[in-house]
Structures are given as structure tokens and as C-alpha cells.
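Asker: Here's my sequence, what's the structure:
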Amino acid sequence: MLLALRDAQLAFGLTPLLDRASLTIEAGERIGLIGRNGTGKSSLLQVLAGHLQLDEGEVQRRAGLRVALVEQEPELPAATDIYASLLARGGIDSIDDDREQAAVLTRLNAAMQRFGVDPSRAPSTASGGERKRAALALGFALEPDLLLLDEPTNHLDFAAVDTLEEAVLRGGTRIIITHDRYFLDRVATRIIELDRGMARSYPGSWSDYETRKAAELDAERVANRRFDKFWAQEEVWIRKGIEARRTRNEGRVKRLERLRNDRAARRDQPGKVRLALDAGERSGKLVAELESVSKSFGDHCVIRDLELRIMRGDRLGLLGPNGAGKTTLIKLIVGTLEPDAGTIRRGTNLQVAYFDQLRAQLDPELSLAETVNPGSDWVEVGGAKRHITSYLADFLFPSRRAQAPVKMLSGGERNRLLLARLFATPANLLVLDEPTNDLDIESLELLEQLLQDYAGTLLLVTHDRRFLDNVVTQSLVSEGNGRWREYVGGYSDWLAQRGASGAAAAEPAGKSAATSAARKTPIEDKRRMSYKERRELDSLPAAIEALETEQRALATSMSHADYYRRTPEEMRLDQARVAEIEALLSEKLERWEALELLATPS
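Answerer: Numbering: from 1, shown residues only. Here you go, the predicted model:
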């Protein structure tokens, strides 16, 4: 055991964040810490790091345990450059042992190179992404016994997230707060959910958690209905009057008192964001057409000779590293920025709603109600008139906060408010620039469902890979030097097509994703399948089925309530086998696909 919480209590205000919560962390675990915004995830990391004291309960740490925390918005100490700032932040200059100090410096230089950190840059001029990458590099370079990461994927592009995943998987014990489900599926060996003051543990990845959590919630709803029915019957009995008083027995009265106390103490599942989006009037069939469009800022060309056609109903995801020009491209499409060369033709009857990643549309001094609909207490959504307080309640803002200023909101709350303002206006062209930052997973999934049902056209910029997979129909990807290329589908589809397309990746974006898909060249000079390969192909389905059966059996065993009574060695072996099965399945599925392709006539 590295660390344990026992009967932990912590509260800010009336609602406890931790309510007699207990938690044990074993060496080598990679724990995904999830929960609704405001449930106390960051506070729990502060407790584990020793920066925050519990109200009651205790934290047990292994003797000499070294813990490092990378905060959601890490601060870099003032210094001449990032390198000196990291030395101060990590206390590296104060290490007495010269060899140990030299080893840390070597690891820090390597980590900065992996994360793309410029050590000579002044920390005061660094962007949020640069500060996050620098703090991550330091956290891994220190090689603590326990590394705590608070929203480490925020501000990171796909390449940086890949680097982070590799670093997390390389070894060590990690606790990670993140809403990135793709990331959790790749790295987590256990999910811990903060839910109504309790720390609930689920062995396995995010996908394993989803399955078990759905079953738990169904069982909880059934149990609560039974409890409420029995409680209601007892309340009727106690109120029957004289007849009841004659037959009343003290045991039954005391049982009713216990029922009342239990019901008062029960913390029900918190409310959900209720999203609705008015697609407004139907736009023309053509939304935008770009012909030979180029845009540069000084010597830096972000868009070069782009050919792109967006039709009504398209859901287009823009993918690329930070600084590639995704926001610039959006502004060109909607007309708030003009190209240096080329022409842009926009469709008719466009009603645009724009979600700004910098939240520049929010005035911190205005109230929530004034932000959503200035000058009126009413909004109209989907043809129905709603009072502003009722509408804000759909986004989890209680009526008492309708007149509170925006500056009092957290990052996640500001995102919800901007969505409330955005969805209060009919729009047939919805532009979302990093809408997923700071949203909890449940809100992300609700937003996904809304966008899947949206009848208008969507332009989406996000680094949330699962969100892209679940929402967009085509992706426009930056491939360097101002070149962009269009692919069918979302992030995973792009990865597959990129791997299969080879040299074709250098081609510029075409007129449509469908046209791009149709241009795929047939396999030339395909050889005939050998007898050995045919036998292998025939045996693969059974081998895959056997692995999947073993995978399900392991998942069932690891999700059992008394699983954590097993020895750490047994649990490590199970986790290793789960990872091995995943790798084998991936390998056999890829082999099956390759052999099927070989077996298909040209």
C-alpha cells in the first residue's frame, strides 16, 4: 500500500465533498479519477498531496512516500527562463546529492524534449499549453512514488497527448483527473468516481466502468423506488388517527423514524444538464465553398491553396496541432476574416452561432441572466417561451444564481453558461471552438447526443478524440506547411485512413469527403494467398472469440465486490493479463483484416 484514506470528511459549505470516504492506492496502479464538476476531485488530489487538510478522518502514507502534483493550471515560479523556473518549482537546486541532482537534470532535459518545451522561453510569456507541458515534463522527471495529474490533457494537442499517454504507461503509480474518455481507456487500470461524497472504485478501463455503472444506477433506482413505496405506506399508517393509535406499537414507530432519517440522509443522483438546440430556418444546400484559399501571418502560412466545400447537414471536425490555424480557418468560413488569396462563396440564409474557446463573449461583470438574454427575462427555444431562471436551471444554475456575476463562475460553469447563451439563439450553422474544456463527462455525453440530433451544419474544433469520433461525419486535418486534407469520419477514421493512404497524405483537401474516399486507388499486383495463410485466416475467428471470452471472465472477476481482498501480486497479474489480451486482440484483428483483404479478389 502506498497511501490510504480512512473515513475522510471534507466540506466547503453545506454539502460535503468527502463524506466518510475511504480509498486505498497500491503501487503500480493507474487510477482515473472522475466525477461531476464540483464534486471535489481537485480537492482530493490536494489532500493526497498533503496541501490540504481533512476536516475529519486520516491519510495514511507509506514511510518516505514522494508525491508530485501537476495542477490543472500550473504556476511556474518567476525566473529568466522556463528551465530555471522548473528547477525552482521542483526544488532540484536544493538536492544535496550531486549524482542524484545530475540524474534529475538529465531526466528533465529529456522530458522537456519529449513534451516539446522550449527551456529558454520566459515563463511569463508562456501560453497555458506551454506551462502545462513544462509542468508535466518536471512531474515525470522527478519520478515520484505517486504522481497526481489534474486534467493533464487540457491545452494539449493530439501529439502532446500521445506523448503524455506513453509517459503514463511507462511505469509508476498515477492518479489522473480527466474527462478524456479515449485517454482513460488507454491508460487506466482502475476508475474511482467521486459520487455524492463517496469514492467508488471500479477495476478496469473507462469502458469497463461504463458497463458496471449503468447496472449500478439501474439497481439504485429500483431500490429507491421500493424504499419510497414502503416509507409512504408507513406514513399513511401513522396518520390513520385513533384506530391507528390503538394498534400502534413502539417498534413500528421507531422503524418509521429510522426510515425518515434514512430518507433525509439519502443524497440522490444530482440533476442532469438538459440541452435543447434550435436549428432555426433551413439554410441553402451550399454552406460554404473555398477555392484556392490561402492565409498567412507574416512568414507563417497556415492555409495554402485550400479547396473545400461544406454542404448543409455536414458535421466537420478540424484537426491539427496548436497553432495550425484551426480557429483562423473557422473565421474564414464564417466571414469574420478574409483570405490573402482565393475566393470564398457562402450559402444563403446562414444563421451562425459561435462558441469561442477563449470565452471572450462573456462579460465578467454581467449577471448570468443578462449574459444569456440581455434586456429580457424570457428566452424562446424551439418555438417555446421560457423564463430565464427556468432556462438556466436546465444548465444546472439554481434560480438564486441567475443574478450572480459571471466572474464568480468556475471554468466548467462558464462553459455551461456560454452553451446556454449559444443555444438560446436559433442557428443553422453551429461553430464550436473547444467546447469540451472543463465539462464533466456526463455533460460531454449529453452534448454529443444533442449534436448527433442537430439538423443544422456543425464546425467543430476539439482535442477530445472520443467526442470527435461520436459527432463528426468528416475531418479536415492540418498536414503541415499550410496544407489541409479531408477525411471521412472522425479521429479514429483519420488514423486508419492516414495509415493506409501512405504517400497520398500529401494531397490537398478535395471538394468533399465523399470524393476523397472515392479516389482511393485499388491494390496493384496483389499476390495470391498461400495455403498456410488460408488456414490462419480460418482459425482467427475462434482465437479471437476465445480471447474475448477470457477478457469478459476477467472483467467479471475484477468487478466483484470482494476483488480487492486478493493479494497485490494476484491483482497485478490480472491487470497484466488484461493488457496482454488487449494487445493480442488488436494484433489478431489487424491480421484478420490483412488476410481478408488478401483473400478478396481484385
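
Asker: Please pull out the lowest mean pLDDT helix or strand from the protein.
Answerer: Considering only helices and strands, the least confidently modelled element of the chain by mean pLDDT, DSSP states H and E is helix 513-518, at a mean of 38.

Asker: Just the buried positions in stretch 439-451, please.
Answerer: By 16 or more other C-beta atoms under 10 Å, the buried positions in stretch 439-451 come out as 439-448, 450-451. For every residue, glycine as well, the C-beta is placed using N, CA and C.

Asker: whoops, I mixed them up, stretch 532-549
Answerer: Neighbour-count burial for stretch 532-549 flags 536-537, 540, 544, 547 (criterion: 16+ other C-beta under 10 Å).

Asker: Mind putting those into JSON lines with secondary structure and distance to residue 138?
Answerer: Output for the buried residues of stretch 532-549, formatted as JSON lines (DSSP: H, G, I helix; E, B strand; the rest coil; distance: C-beta to C-beta, whole Å):
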{"residue": "536", "secondary structure": "helix", "distance to residue 138": "48"}
{"residue": "537", "secondary structure": "helix", "distance to residue 138": "49"}
{"residue": "540", "secondary structure": "helix", "distance to residue 138": "45"}
{"residue": "544", "secondary structure": "helix", "distance to residue 138": "42"}
{"residue": "547", "secondary structure": "helix", "distance to residue 138": "40"}
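
Asker: how about the residues you listed, which pair is most distant?
Answerer: Comparing every pair within the buried residues of stretch 532-549 by C-beta to C-beta identifies 537 and 547 as the most remote, at 16.4 Å.

Asker: helices or strands next to the one helix or strand residue 412 maps to in the packing?
Answerer: Assessed by DSSP states H and E, residue 412 sits inside helix 411-423. For helix 411-423, the contact count by 3 or more C-beta pairs under 8 Å, 6 or more residues apart in numbering; DSSP states H and E identifies strand 352-355, helix 368-372, helix 441-453 as packing neighbours.

Asker: relative to helix 441-453, how tilted is the helix or strand just after it?
Answerer: For helix 411-423, the following helix or strand on the C-terminal side (DSSP H and E) is strand 429-433. Taking axes from the mean of the first three to the mean of the last three C-alpha atoms, to 10 degrees, one finds that strand 429-433 is oriented at 150 degrees with respect to helix 441-453.

Asker: Now do strand 429-433, average pLDDT.
Answerer: Along strand 429-433, the predicted local confidence has a mean pLDDT of 90.

Asker: same thing with stretch 75-86?
Answerer: Across stretch 75-86, the average pLDDT comes to 94.

Asker: who's in contact with residue 165?
Answerer: Contact analysis of residue 165 by C-beta atoms under 8 Å, 6 or more residues apart in numbering lists 183, 186-187.

Asker: Between those residues, which sits nearest residue 375?
Answerer: residue 183 (42.6 Å).

Asker: Assess the claim that the closest one and residue 153 are in contact.
Answerer: Yes: using C-beta atoms under 8 Å, residue 183 makes contact with residue 153 at a distance of 5.8 Å.

Asker: Need the overlap of contacts for those two.
Answerer: Taking C-beta under 8 Å, 6+ apart as the contact rule, the neighbours common to residue 183 and residue 153 are 161, 164.

Asker: Buried by neighbour count: which residues of stretch 578-592 qualify?
Answerer: Neighbour counts using 16+ other C-beta under 10 Å place 578, 588, 591-592 of stretch 578-592 among the buried residues.

Asker: hang on, the earlier thing: show me the contacts of residue 165 that map onto helices.
Answerer: Using DSSP state H, the members of the contacts of residue 165 that fall within helices are 183, 186-187.

Asker: Let me see the residues that make contact with stretch 61-73.
Answerer: Contact with stretch 61-73 is made by 1-3, 42, 45-46, 48-51, 128, 131-132, 135-136, 138-139, 142, 144-152, 154, 177, as judged by C-beta under 8 Å, 6+ apart.

Asker: What of stretch 540-547?
Answerer: Outside of stretch 540-547, the residues that reach it under the criterion C-beta under 8 Å, 6+ apart are 581, 584-585, 588-589, 591-592, 595.

Asker: let's see it at 10 Å
Answerer: 536, 580-582, 584-585, 588-589, 591-593, 595-596 (C-beta atoms under 10 Å, 6 or more residues apart in numbering).

Asker: how far away is residue 197 from residue 384?
Answerer: Between residue 197 and residue 384 the distance is 36 Å, computed by C-beta to C-beta, to the nearest Å.

Asker: more crowded one of these two?
Answerer: The residue with more neighbours, out of residue 197 and residue 384 and counting by other C-beta atoms under 10 Å, is residue 197; that gives 19 against 9.

Asker: which non-adjacent residue is nearest that one?
Answerer: Residue nearest to residue 197 in three dimensions, not counting chain neighbours: residue 19, with 2.8 Å by C-beta to C-beta, 6 or more residues apart in numbering.

Asker: Does the residue nearest to residue 142 when sequence neighbours are not counted have any beta-bridge partners, and if so which?
Answerer: The shortest distance from residue 142 to any residue that is not its chain neighbour, by C-beta to C-beta, 6+ apart, is 5.2 Å, and that residue is residue 68. With DSSP bridges applied, the residues forming beta bridges to residue 68 are residue 147.

Asker: Residue 572 contacts residue 173, correct?
Answerer: No: the criterion here is C-beta atoms under 10 Å, and residue 572 misses it with residue 173 at 12.0 Å.

Asker: Please enumerate the shared neighbours of these two.
Answerer: Taking C-beta under 10 Å, 6+ apart as the contact rule, residue 572 and residue 173 both touch 26-29.

Asker: List only buried entries from those residues.
Answerer: 26, 28-29.

Asker: Out of the contacts of stretch 61-73, list just those in strands.
Answerer: Those of the contacts of stretch 61-73 mapping onto strands are 3, 146-150, 177, per DSSP state E.

Asker: Tabulate those (CSV), appending distance to residue 491 and neighbour count.
Answerer: Formatted as CSV, the entries for the ones in strands among the contacts of stretch 61-73 read as follows, by distance: C-beta to C-beta, whole Å; neighbours: other C-beta atoms under 10 Å:
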residue, distance to residue 491, neighbour count
3, 35, 20
146, 31, 23
147, 26, 24
148, 27, 25
149, 22, 24
150, 24, 22
177, 22, 20
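
Asker: where does the stretch 401-550 of the chain dip in pLDDT?
Answerer: Across the stretch 401-550 of the chain, the ranges flagged by pLDDT under 70 are 411, 499-529, 531.

Asker: Could I get the buried residue list for stretch 326-336?
Answerer: Quick answer for stretch 326-336 (16+ other C-beta under 10 Å): 326-334.

Asker: Let's see which of the residues you listed end up in helices.
Answerer: With helices taken from DSSP H, the overlap with the buried residues of stretch 326-336 comprises 326-334.

Asker: Buried residues of stretch 12-24, list them for me.
Answerer: 16-19, 21, 23.

Asker: now, among these, which is nearest to residue 295?
Answerer: Sorting the buried residues of stretch 12-24 by distance to residue 295 puts residue 17 at the head of the list, at 47.0 Å, by C-beta to C-beta.
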